[in-house]
Each structure stands twice: as C-alpha cells, then as structure tokens.
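# test case, fold it:
(chains A, B and C, ligands or ions: 2)
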Amino acid sequence: AAPTYTLRFNHVLGPNHPYHKWLQVWADRVYERTNGDLQILVFHSSQLGVEEDIIEQIRMGVPVGQNTDSARMGNYVPEIAVMNGPYFVESLEEVWALNDLPMVQEWIDKLANEYGIRVLSFNWVQGFRHFMTNKPISKPADLAGLKIRTPPAPIWQESVRALGAVPTAMNFGEMYTGIQQGVVDGAELVYDNIEDHALHEVLDYVNETKHFLLINFEVISERWFQSLPKEYQEILVEECNKAGMEASYEIERDTAAKRARAQELGMTIHTDIDYDAFRKAGLAAYERLGLTKVREEIYRQLGKI
Amino acid sequence: MLRRVYAVICEWEERLARFLLTATLAVILFAAFTRYIGHPIAWGMEFATFLFAWAVFLAADAAFRHDRHPSVDLFVNLLPEKVRLGVKLFNYALILIFLAVLAYHGSTLTWTTRFRTYSGIPGFSYAWPTLSVPVGCVLLSITTILKARETWQALRGAGGCEAPGDGGDQA
Amino acid sequence: MTLVLVAFLVLLLLGMPVAFAIGIAGFLFFLQQPHLPLTMPVQLVLSETQSFSLLAIPMFVFAGNLMNATGVTKRLVEFARVVAGHMWGWLGQVSVILSTLMGGVTGSAIADSAMQARIMGPEMIRRGYSRGWAAANFAFTALITIAIPPGIGLVLYGSIGQVSIGRLFAGGLVPGLLMALAYGIVVSITARRRGYRPERERPAPVRDIARTGVATIWAIMFPILLIVTLRSGLLVPSEAGAAACLYAVLVGLLAYRELDWERFKQAAQSSILDTGMIMLLIAMSGLVSYAMKWEMIPQTLTQTLIGLSSNPLVILFIILVFLLLLGTVLDSTVIILLLSAILVPVMKGIGVDLVHFGVLFVITCAVGLNTPPVGLSMYGVCSILDCSVGDFVREGWPFFVAALCVIALMFLFPQVVLWLPNLIFG
Ligand code: NA
Ligand code: NA
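Ligands and ions are numbered 1, 2, ... in the order given. As a prediction, this is how the structure comes out:
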C-alpha cells in the first residue's frame, strides 16, 4: 500500500556530501520500522526551495523538513545563535552533551510551542570550519583586510569579524566566480565543501583554524509532527538522532582522507595556528551580540567552567 | 470623481515603482562600493531584493494597464469578433478570481510571516516584502475590472445594430 | 499535474496574458494538494523576486533604457554602421557581436536579450527590419551569453556533479563562438532574402573607423569597461548591470550632456514597464516549476528514458531531445538543478566526458528560453518589440535551426567542447 505519511526533506548540500547519504539512511530506516507507512523523500541542493521559505512552510504545517543551522533558528529564539559562535564547542561529545541541558531543552520547546518548528535532532555535525584563502593564516592579524565570504546572519558576520577578517555577504552560487575574480579573498568552510564547489581551482590554502564546529538542526513542522501516531514520532526522532551521530562520526573519521584529498587537488594544508589567539579574539563576537551570559550559562551546565 | 482618484493612484503607483527601481540600483552600487573600500555592508543584497519586490508588483500593474503583458493570440484571432470579446471577458473574470484569492492569502501570509526576518537585516520583518504581493494583486484587480468593463461595453456595442467593425479592441 | 498543463495550454490558446495563464494553472496544483496551504503560492511568487542573481535582469534593462536616454546608443549604432555597414543585415551582425561581448559579463540570456531589444530594436524597425526577425535575432543571439563564461548554469552543474568549473568555463567558450558564427551566417543569409541592405559599398577605410571610434569612444568603451571591472574583481555578475547604469548616467551627464531629469524619468518609466512584464512572468511560472519539483516529474521521466537503450550515443541523443522538450516548459536553471545529479552518474557510466556533457546540457536546456509555450526570453523581447509570438516563430526558425546545428556539432564532435579545456588544463 502507498505510505500514509510522506515527508519531503530539503537540504542545501550537494548529492555527494555525506549528509545526503545519511539523510537517506535515516529515511530508509524510518520506512522500514513503520512498515512503509512513513516515507521521507530527501531533496539535495535546495531543490525544494530556499531555506528560509521552507522554514516558513514548516511553520504553516506543510509536511516538509529542512537541514538548517542555529544562526537561522536564532531568528526565532535569539539565544540559540550562541551555538554558531566561534569555538563554542570543540568535540562531538560536547554536542551530544548539549542535548541534556535544561537551557537547550527550553529553547527547543519554545521553537515548537511558539513558532511551530519541531527540532528532530541537532546531532548532525558537519565538522570543523576553516578559513580557506590564498595565503597562509596563523593568527587573527593575518586575516586583517581579507574579505571572506560569510552568510549574512549577524552571528556569522560578527564571528568572522571577531576572528580578524572582513565578512562579506555573497550568494553561495557566486562564490566560485567571486573568488576567481578577486571580489572576495576566500571563504570559511568545511573540507567537504571544497570538491563539491571546485574551490581548489581558485584557492590555495586550507588554514585549519577550526573556528566553528558546525552544528546542524533537522527541523520539521510541529503541527504535522503532532498529527503522527506517537510511535512514529518516536521512530522519527530516534532514527534522526542515530543517523546524525553516525554521520558526524563518519565525517570526523574521514578527516584525514579529506585532508589528503585536498592536498591531492593541489591545496596546501596550513596547520601552524595560534589557537589561543583565535579563541581569545572570538570572544568579541559573543560580547557584541549579547551572548556572553548565555555562553557562560551553557558552559556552567556542561561543567566546562 | 472616482476616475480622478484612480488617475492619481496610477500616477503615484508608477512614480513609486520608478523610485523603487532606482533605489534598488543605488543599493546595489552602494553595496559594491562599501566592499571595494573594505567595509562591506551585510544588508545590501537583501535590502535590494526587498525594494525590488515592491518595484515588481507595482510595475506589474503598470505594465498591465499599458497592455504590456504578452499573450498568444494565434487562435483567438480566428474567432468572430463577438466570440473573441466573450472569451476576453471570460479571461478577465478568471484573472479577477485568481487575483482576489492571491490577495486574500497574501494578506494572511503577511501576518503569519511577521516573525521571519531577513537574515542580514535583523529586526526587519519579512512581512514588509510579503505585503507587496497582496497590494500588487489588489492594484491588478482594479485594472482587470476596468479592462473587463471596457470589453463589456465593446461586446454590447458589437451585439447591437451597428455594423460589426474591428474597432473597440486595443489588444 | 496533467490538469495543470492542460489548463495552461487552454488558457494560453484563449489569449489570456501568459503570466496569468501560467499562474492560474500553477495555482490549480495547490488546490489539488490538501497538504499545501494556499499561502504557499504567494510565498513562491514573492520568492522569485528575492534572488540577488536575478537582479541582473532589471539592471541590464535599466542600463539599456539609460543608454537610449543618454545618447550612448545613438553613438554605438553610429560606430557599428561605420564598421559593419557594408554587411547585409548589419544591425543583426552587431547584435551577434554585442552578445558575444556581453557573454563575458553576464550569464543571463533574458537580461541580454531584453537590453539589446531596447537599445537596437527601435533602430532595426526604423530601418525596415521586421519585428519578428528582430525579436528572434535578439532572443537567440542572447544564448551566446550562456555558453561564454561566466554563467550560473555551468556553476550549478559543476557544483552538483562535482565537475571542474574551470574546465566547464573553458569548455563553453568555443561553442559560444561557434554559436556566434552560426548566427552570423543566418543573419547574412536571411538578410539578403529580406533585403536588409548594406548601407555602404565596401568596408570603411581604417581612417574613418578610427575617427568615428574616437568620436564615440565613451559609447564603445561600454562593453569593454564592463568586462574589465568584472574580471578585475570589482563586481560580481549581478552588479555589472548596475555598473552599466551608472556608466550610462555618467557618460550622459559628463561627456554627452544629453541626460536631464525628464529623460531619466522616461528611461525609468520604460524600465519599470519592461521589468514588471518580465518579472511577473518569471514569478508566476515559479508555481508550475514548484509543482514539478514537488512531484519530481522531470526526475521520474529521466529515469524512464535512461532505461530505453544501452547504446551510449542513443542514450545521449534521447536525453538531449528530452531536454529540448523539457526546456519548452521549465526554466533552464530549474532543469539543471533537478537533473544534474541524475544525469552525471549516467553519463559517467556510459563513458561520456562530464565536461562535454555539462556544456551540452546547459546550452540545450537554454534553447527552451526561446520556444513556446513557456519561453521567458521570447515573451520578453516580443513584448518589448510589440511583436506577436506567431511572427517570432515564423521568422525566427532559421535562428532556432542554427542553435540546433551547434548542439548537433557538439554532440557529434566532443572535441568542439573539450579541445580548449584540455589545452589549458592538460
Ligand atoms: Na544580441
Ligand atoms: Na556568460
């Protein structure tokens, strides 16, 4: 029989990104455990539309989902943006630990109850983001004056500014030609983005600054979620968390291979980084956005301070 | 009286659309300039598209009034005058329903989308660009009604005792 | 979905403005889907106006109108007359050259065709060229801008398919020039038949060209300055149109002193009418595109077609014909977005070079911009030149055939695409 429930799930990444594979794995497992009654169709490269539009549709109750980030969730619950701050967390285990914090749980509930956005899981970690440029970067001062393509959201902009660069908003689609022609001097991305967007053709250095551990949120419509049988709700969440952790571990495990691949493609990996200087510089971003207290509270609950 | 009010509305609609398109141009140039001097603004792209949305939906009405929206007339040109005017009236009726429905749901969306902001312009609600759609649809509806009335009069003229000429139709 | 397509065709034949015909048809899809609220069509229509890359269209249209208002056009045509006036259909040849140059600045065929229809259309009609021929000339020569780098279509394909964008860009150059050559031949032949006579016996002496060149220097610098500012990193492609507007204003104010407030107002007025027309069409067609995306129709059809044969050449041929047909109802960017990920592994599997296929793919989809029932570029120039779609098709078919010939050449001889990238990248 045809499935009773169909969820269309959209993400901005390419079909070769590990997320696409693992989102499919999630879909398959849910399909199996619900005996084919709940089907998830995964759309890569934003085929279903613009991320912000999809989030709006989610709020209207449309059976769609989106892989998104805390900067966008911060539009609704501003504190969540803290998870997109520089050096906020530095290992996968810290991300898993965030799940159990009362403060984070409050944010998630608020998203569901006040804005109709159901977070299925944020155990999806794309790995460390690095500055990719045409000159080696060791300390914040080396970034001075460099225009770095940055998403326009305030937390991204302020973080990149705090780390020493000049954040420059630009469409993802125009990044390649933008760098090639020198409109911007580089970008800050994860290893998986390099080959997906042929950036090795226009950039020379991966500077392993590790300034964000990029946490993604898998969100769907709260109204639609509540229309599912309880049992299906549990399966959906459980499998999403599980697939996310597996995806994140796989990405972490493959880092060495991806670094080798980047070198093979002609990029130089620069590892001589003054992390203390970057961490210290990054604090300014939290300060400017009024997130210092939130960060401290999270760290207290995590037992980090 | 009503006619005079409408003429003023049209004048201001086009004036505003011209201003918005010029403003879009200015914002794009300003954003490129700030980047060139090393202090790029984050709100340039999105603010430009905001201005552009309003320019588009006001301009779409102006273009409709000036009969600029292309159509395919291969088939309808084969029809007798009277049938052709009838078909035209039918088209306007359909368009009017469509625009009314779009305007209604556009107003709803403007309200429900108010929490969404442009990601590069914090605090600037996405309701503002969204409002351009229902406003544009209402303006387009008025134009549609006036065109329908014109067609109706032409149809009555064609149906009367006068010789069936090809006048009256300006498409 | 069948209902949507049938409704669209019926409304189109009933002579309803295309933008409304496609909007109403697309809206029917949402009425059929209980899960999709009717606020969504509003959101999607708006969303089509919210892409920064798309701003190239209004900006180049505005630039075209400003060039008319400031005397830049007049001088550009004057220079062209001296250089090319000895050729049959010389204004058509100028349009070929200008599109080839604009290819280095923009990748938007809609923007280029609309701009050139504005600046050269009136001149062509004044000299007795027919509206249908002129419209087809602008619409088809604008396809050159898609092949010549930069262009968003090749970037999109390269990103989804993990194909070198540098190679794709290099691969587009020769086909782009071949298209220019093919259109040049078409102009030459059709102009003779229609009697679009040369205006001088033989090429102007170099001295005359130089003298006119100096006198019209600010006008002929226009495409060159655009390319230079873009390549030197001052602008992204979508900003180049805005820069063209600024340039026209500056030249109009400082060099030619023909620009005043009244003329600026007229240029803006003409631009909003053009923009309102083109953008409403694009915005409304977003609804039908969305229906196709939601139902994954192009993907399903492609999967079926791939299974029809095991011969690589036959598969490639079937796919190309399918893309041509699909291009008549869907915008080329949407096709590239939906089908790249499916077609790349297939092409890899049957041993077709991915750079070769990419360039072929992007150009083939783009031909649909100029064919009924949903040819966005075609409707744009037809509205600007006040020409019927019937005339466009009747008089434009030789240009269509030329485009097909170039595609056939690329299909039969992969080296047409691959020679340059192999030369540059080894
Ligand atoms: Na041209
Ligand atoms: Na181009």
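# and the gap between the closest residue to C:A242 other than its chain neighbours and B:T34?
Closest residue to C:A242 apart from its sequence neighbours, by C-beta to C-beta, 6 or more residues apart in numbering or on different chains: B:I28 at 4.0 Å. No exception for glycine: its C-beta is placed from N, CA and C like everyone else's. For B:I28, the distance to B:T34 equals 11 Å [C-beta to C-beta, to the nearest Å].
# what strand or helix carries the residue nearest to C:A242?
Under the criterion of DSSP states H and E, B:I28 resides in helix B:2-36.
# report all helices and strands that that helix contacts.
helix B:44-65, helix B:127-159, helix C:56-70, helix C:237-250, helix C:261-295 (3 or more C-beta pairs under 8 Å, 6 or more residues apart in numbering or on different chains; DSSP states H and E).
# hey, what's the angle from that helix to helix B:127-159? Just curious.
If you take axes from the mean of the first three to the mean of the last three C-alpha atoms, to 10 degrees, helix B:2-36 sits at 140 degrees to helix B:127-159.
# give me the buried positions along helix B:2-36.
Applying a neighbour-count criterion of 16 or more other C-beta atoms under 10 Å in any protein chain shown, one finds B:10, B:13-14, B:16-25, B:27-29, B:31-32, B:35 buried in helix B:2-36.
# which residues sit in contact with the residue nearest to C:A242?
B:G44, B:A48, C:L55, C:M59, C:S238, C:E239, C:A242 (C-beta atoms under 8 Å, 6 or more residues apart in numbering or on different chains).
# what mean pLDDT does stretch C:194-208 get?
Average pLDDT, stretch C:194-208: 90.
# correction: the previous question concerned stretch C:226-238.
Rounded mean pLDDT across stretch C:226-238 is 83.
# swap in stretch A:88-98?
The model assigns stretch A:88-98 a mean pLDDT of 96.
# list the contacts of that stretch.
For stretch A:88-98, the surrounding residues in contact (C-beta under 8 Å, 6+ apart) are A:82-83, A:104, A:122-123, A:125, A:210, A:212-213, A:215, A:245, A:248-249, A:252, A:295, A:298, A:302.
# of those, just the buried ones, ChimeraX syntax please.
Listed next is the ChimeraX selection for buried residues among those, using 16+ other C-beta under 10 Å:
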select /A:82,83,104,122,123,125,210,212,213,215,245,248,295,298
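# in helices only, show me the contacts of stretch A:88-98.
Taking DSSP state H as the definition of helices, those contribute A:V104, A:M245, A:S248, A:Y249, A:E252, A:R295, A:I298, A:L302.
# what's the farthest-apart pair in those?
A:Y249 and A:R295 (25.7 Å; C-beta to C-beta).
# in chain C, what residue comes closest to chain A?
C:G233 (2.9 Å; C-beta to the nearest C-beta).
# quick one: name the residues of chain A near chain B.
Contact residues, chain A versus chain B (C-beta under 8 Å from any C-beta of the partner chain): A:52, A:55-56, A:59-60, A:71-72, A:75-76, A:115, A:145, A:147, A:151-154, A:157, A:166-171, A:183.
# point out the most buried one among the helices and strands packed on helix B:2-36.
Most buried of the helices and strands packed on helix B:2-36 by mean neighbour count (mean count of other C-beta atoms under 10 Å in any protein chain shown) is helix C:56-70; its value is a mean of 28.
# what angle separates that helix from helix C:261-295?
Inter-element angle recorded for helix C:56-70 and helix C:261-295: 160 degrees (by the same axes, to 10 degrees).
# average model confidence for helix C:56-70?
Computed over helix C:56-70, the average pLDDT equals 95.
# spell out which parts of the stretch 1-150 of chain C neighbour chain B.
C:11-21, C:23-24, C:27, C:37-39, C:41-43, C:45-46, C:49-52, C:55, C:58-59, C:62.
# list buried residues within the residues you listed.
For those, buried by 16+ other C-beta under 10 Å: C:11-21, C:23-24, C:27, C:37-39, C:41-43, C:45-46, C:49-52, C:55, C:58-59, C:62.
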